[in-house]
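[1] with the input below, show me the fold.
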Amino acid sequence: MTSKHSDAERANELRTRLADANYRYHVLDAPDIPDAEYDALMRELEAIEIAHPHLRTPDSPTQRVGAAPSREFGEVRHAIPMLSLANAFSDDEVQDFARRIRERLPGRELRFSVEPKFDGLAISLRYEDGVFVQGATRGDGETGEDVTANLRTIKAIPLRLRGSGWPRVLEVRGEVYMPRAGFEKYNTAARASGGKIKPLVNPRNAAAGSLRQLDPRITAKRPLAFFAYSVGEIEGAELPATHSATMRQLREWGFPVSDLVDTAAGVDGCLDYFRRIGARRDALPFDIDGVVYKVDDLAAQRELGFVGRTPRWAIAHKFPAQEQTTTVEAIDINIGRTGAATPVAKLAPVFVGGVTVTNATLHNADQVARLDVRAGDTVIVRRAGDVIPEVVSVVFDKRPAQTHAWKMPTHCPVCGSTIVRDEGEVVARCSGGLSCAAQRVQALFHFASRRAMDIDGLGERYIEDLCDLDYVHSVADLYKLTLDDLLEMKRRADERDGSTPETVKAGKIATKWAENLVEAIAQSKHTTLERFLYALGISDVGEATAKALARWFGGLDALMAATPDDLTQVPDVGPIMAAHIDTFFAEKHNREAIAQLRAAGVEWKESVPEREACGVLAGKTVVLTGTLVALTRDEAKARLEGLGAKVSGSVSKKTSFVVAGAEAGSKLDKAQELGIEVWDESRLAEFLRAQA
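    As a prediction, the model looks like this:
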């Protein structure tokens, strides 16, 4: 049993180690211990403090969560007002800002501290003798809300300062924000909760709402972070003479300061920084809505002073707004390359994120229902860089009368085929497959792939050109292509793309490619039923299922005539897959496409249906493991399947026997553990000879 003295020493040691781990993780971005070790240290400290409550200190990492819910926030009056910055929306306005400074500081070199303008919630942190004692929101600039308990839950905020030399009173100001990855992870979990957790609207609102929870335990569950960007009240020590040096000092004392903070010479340096950060904006792990320029020299800041409620020595240079309000004129359906049916809001044109937006994705039917978006609604639209614009919320106060809840259409707007959505699936899909123009490129690419019809030389780029230039409208059209068609298509595509391959060599290469492709298309006409079924791109029908269907029915006509009940008799075909197969063949467009392929000469050898002719191994499941000498694994598999066996890749209680070659491993061990019969290669060879 340890003494109280050793408990106290161990508690101090643990607090120091955990604080250092937090600093390395949140400030230096260089963690030195894994999460499991951090959690173990935290549990040990909690155990000591529970056993000896007098050893618990206000700055202990265990005190980041646990305060009782508050009925309301108290007020905090800022010793130095948290004033707002003036905004600039153009280079000219930044030039005017710099000109005004030069007029007040004639003859001085202008050097600025430059930093991102974080899109979160401004807060103030007060430290006394190095210990965090109070945190507040900006509020109206003069008075904010006391959110100390909530700020304690944010691990990026130090509860005790590092190092030495800090003032007796130090007020640090900065931004609480929600990283994009944390926001997406939280919303993914929320959407999977079945309505128990409400998804967050956007990272900025999420940060503000999380910090203003009356129960700190809720705040603690939100993925919040913090960046320091200035200081307020200071007592008992001098800080460096420049803003940039002050930020470096804060970092040494344990505060996260963005690596993007920099200095710039003159207005040209500021504008160059603006463009560099703008180019990186969409790749940053957090949201920003502009950059901030501050005169770096603190004495010059004091000399410049304020005008009204804004400093003369700083300005925010804003990016184009990424969120705007507009109205929904209609909700249409977009059919993607894989058949996914995505609802899209048709909008009254609105300028957002630097472009005029008229469409915004609604992702899926569940998202439309969650947002309750309707035609006629006023909505908030968000666009970030190249990200597709999306509707993030509805302004319900502006909803007109007589609106109607939206429902997913029952038929594809492109080809008229049924739109289906499986139980438990988020995405609805057009069942048109081969015949849907929206899915044409993807359908052709899959049809021509090596494991399907194996049309060598027909890559996705050429398929896109064939479709774009109107040479191919369906898979059957591939078999109508001539050498002249392909050469003309290649020439037109090159002209469209600005290429002029007029050399003899280039012409010979194009001709050789076209000749080879014509030959590959001709060869692909002679295939197998299982390859053909796989090539059709039926939802959920992969190579193994295509093989099972081909063997079970023996011919395509029998398969196309099968009912869902018939289909579920096929090994490994369940009700959902059976429904997909039945829906595919029920579509008139798909049956027409198959008829056209047969008319074009696509053929295969049909066989006796497995359901009628059972081999000696019918109903048996066999597993192959290890290295076979006389046969390859594929040859052995084909021979066994020809006798009616199902060849599986894993051993289970349903396995009939295992064929173990040289160096058999875990599958052999599992077979012996389950008491399953094991054959060696010689027994397999003897058995196969007897069946020949």
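
[2] show me the contacts for the nearest residue to Arg77 once chain neighbours are set aside.
    Nearest residue to Arg77 in three dimensions, chain neighbours excluded: Thr143, at 5.1 Å (Cβ to Cβ, 6 or more residues apart in numbering). The C-beta positions use only the backbone N, C-alpha and C, and glycine is treated the same way. For Thr143, the set of contacting residues under the criterion of Cβ atoms under 8 Å, 6 or more residues apart in numbering consists of 75-78.

[3] where exactly do the helices run in the stretch 1-150 of the chain?
    In chain order, the stretch 1-150 of the chain shows helices spanning 4-26, 35-51, 91-104, 148-151, with DSSP state H, counting those that start in this stretch as the criterion.

[4] who wins for proximity to Asp572 among these?
    For the helices of the stretch 1-150 of the chain, the distance to Asp572 is smallest for helix 35-51, at 39.5 Å, taking Cβ to Cβ.

[5] relative to helix 4-26, how tilted is that closest one?
    140 degrees (axes from the mean of the first three to the mean of the last three Cα atoms, to 10 degrees).

[6] quick one: buried residues of helix 35-51?
    By neighbour count with 16 or more other Cβ atoms under 10 Å, helix 35-51 contains the buried residues 38, 41-42, 45, 48-49.

[7] how about the residues you listed in CSV, adding pLDDT?
    Output for the buried residues of helix 35-51, formatted as CSV (pLDDT from 0 to 100):
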residue, pLDDT
Tyr38, 72
Leu41, 84
Met42, 77
Leu45, 85
Ile48, 86
Glu49, 82
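
[8] what's the most buried one of the helices of the stretch 1-150 of the chain?
    helix 148-151 (a mean of 24; mean count of other Cβ atoms under 10 Å).

[9] could you say what helices and strands that helix packs with?
    Secondary-structure packing of helix 148-151 (3 or more Cβ pairs under 8 Å, 6 or more residues apart in numbering; DSSP states H and E): strand 131-137, helix 203-211, helix 216-220.

[10] need those in JSON lines with mean pLDDT, can you?
    Conversion of the helices and strands packed on helix 148-151 to JSON lines gives the following (pLDDT from 0 to 100):
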{"stretch": "strand 131-137", "mean pLDDT": "94"}
{"stretch": "helix 203-211", "mean pLDDT": "83"}
{"stretch": "helix 216-220", "mean pLDDT": "87"}
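
[11] all strands of the stretch 51-200 of the chain, in order?
    75-77, 86-88, 111-118, 121-128, 131-137, 143-145, 169-177 (DSSP state E, counting those that start in this stretch).

[12] centre of the chain to the first one, how far?
    I take that to be strand 75-77. Relative to the mean C-alpha coordinate of its chain, strand 75-77 is positioned 40 Å out (Cα atoms, centre = their mean, to the nearest Å).

[13] contacts made by it with the rest, please.
    In contact with strand 75-77 (Cβ under 8 Å, 6+ apart) are residues 124, 134, 136, 139, 142-146.

[14] low-confidence regions, the stretch 251-400 of the chain specifically.
    Applying pLDDT under 70 to the stretch 251-400 of the chain flags the ranges 321, 337, 354, 384-387.

[15] the stretch 351-500 of the chain: strands as residue ranges?
    Ranges of strands within the stretch 351-500 of the chain are 355-361, 378-382, 390-394, 419-420, 428-430, based on DSSP E, counting those that start in this stretch.

[16] quick one on the thing from earlier: just the buried residues of helix 35-51 now: which is nearest Asp494?
    For Asp494, the nearest member of the buried residues of helix 35-51 is Tyr38. The distance, counting by Cβ to Cβ, is 58.8 Å.

[17] so the closest one sits against Ala19, correct?
    No - using Cβ atoms under 8 Å, Tyr38 is not in contact with Ala19, being 11.4 Å away.

[18] number of nearby residues for Phe112?
    Summarising burial for Phe112: neighbours were counted as other Cβ atoms under 10 Å, giving 27.

[19] ok now do it, which residues does it touch?
    Phe112 touches 263-266, 269-270, 293-296, counting by Cβ under 8 Å, 6+ apart.

[20] tell me how many other residues surround Arg312.
    Other residues lying near Arg312 total 18 when counted by other Cβ under 10 Å.

[21] not counting its neighbours along the chain, what's nearest it?
    The spatially closest residue to Arg312, leaving aside those adjacent along the chain, is Leu304, at 4.2 Å (Cβ to Cβ, 6+ apart).

[22] picking up where we left off before, in helices, which of the contacts of Phe112 fall?
    Residues from the contacts of Phe112 lying in helices, with DSSP state H as the criterion: 266, 269-270.

[23] ok, of those, which come out buried?
    Judged by neighbour count, with 16+ other Cβ under 10 Å as the criterion, the buried members of those are 269-270.

[24] kindly reformat the ones in helices among the contacts of Phe112 as a markdown table and extend each row with distance to Asp566.
    Listed next are the ones in helices among the contacts of Phe112 as a markdown table, based on distance: Cβ to Cβ, whole Å:
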| residue | distance to Asp566 |
| --- | --- |
| Gly266 | 79 |
| Gly269 | 75 |
| Cys270 | 73 |
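
[25] where do the helices of the stretch 201-350 of the chain begin and end?
    For the stretch 201-350 of the chain, the helices defined by DSSP H, counting those that start in this stretch occupy 203-211, 216-220, 243-252, 266-280, 298-304.

[26] ok, back up a step: widest-spaced pair of the contacts of strand 75-77?
    The distance between the two most remote of the contacts of strand 75-77 (Cβ to Cβ) is 16.0 Å, for Gln134 and Glu142.

[27] out of the helices of the stretch 1-150 of the chain, which gets nearest to Pro320?
    In terms of Cβ to Cβ, the element of these nearest to Pro320 is helix 91-104, at 13.4 Å.
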